[in-house]
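[1] heads up, no residue letters with this:
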């Protein structure tokens, strides 16, 4: 089964998405759920409007849609669920820097993105292992 990876970004007014590994799939909406629906609609339209030989190979058989948020969009999306103090403890990145990412005043370098990803993955594993 093919995985179609959609990178979701939050702009000032809406969310947009593009596929990292499947040319021609773009989506937008006022929420992540709307982006997911728009992605499915984009694939449906490709299959309806184009001859099969012009479809991206990833959608010719079974596929799975995977949605990923860039670090700034992730921080904005979960800002009401996770405090900057908590994220600082999880990632080791100070709150002021995390706030700069959250408010789009700065874009994290690759190493900082890795620290955010690693910290959140460790936290998720620990959280899942403690749930009754």
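    Noted; the coordinates are in hand. No experiment lies behind these values; they were computed from the predicted model shown.
[2] all helices of this protein, in order?
    Remark: helices assigned in the chain by DSSP state H are 32-49, 71-77, 84-91, 95-102, 110-130.
[3] any chance of those helices in TSV, with distance to residue 1 too?
    C-beta coordinates here come from the backbone N, C-alpha and C atoms, glycine included. Shown next, in TSV, are the helices of the chain (distance: least, CB to CB, whole Å):
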stretch	distance to residue 1
helix 32-49	15
helix 71-77	26
helix 84-91	32
helix 95-102	33
helix 110-130	23
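[4] of the ones you listed, which is nearest residue 15?
    With CB to CB, the closest approach to residue 15 among the helices of the chain belongs to helix 32-49: 4.9 Å.
[5] which positions in that closest one come out as buried?
    Within helix 32-49, the residues that count as buried by 16 or more other CB atoms under 10 Å are 32, 35-36, 38-39, 42-43, 46.
[6] picking up where we left off before, lowest-confidence stretch among the helices of the chain?
    With a mean of 88, helix 71-77 has the lowest mean pLDDT of the helices of the chain.
[7] please determine how far the residue located most distally from the centre of the chain is located from residue 60.
    Going by CA atoms, centre = their mean, the residue of the chain most distant from its centre is residue 51, 29.9 Å out. Distance from residue 51 to residue 60, counting by CB to CB, to the nearest Å: 12 Å.
[8] what does residue 97 give?
    With CB to CB as the criterion, residue 97 and residue 60 are 44 Å apart.
[9] and what of residue 16?
    25 Å.
[10] the two: which has the busier surroundings?
    More crowded of residue 16 and residue 60, by other CB atoms under 10 Å: residue 16, with 17 against 12.
[11] what residues are up against that one?
    Shown in contact with residue 16 (CB atoms under 8 Å, 6 or more residues apart in numbering): 8-9, 26-28, 35.
[12] if we can go back for a sec, what's the most buried one of the helices of the chain?
    Of all the helices of the chain, helix 71-77 has the most neighbours on average by mean count of other CB atoms under 10 Å, namely a mean of 19.
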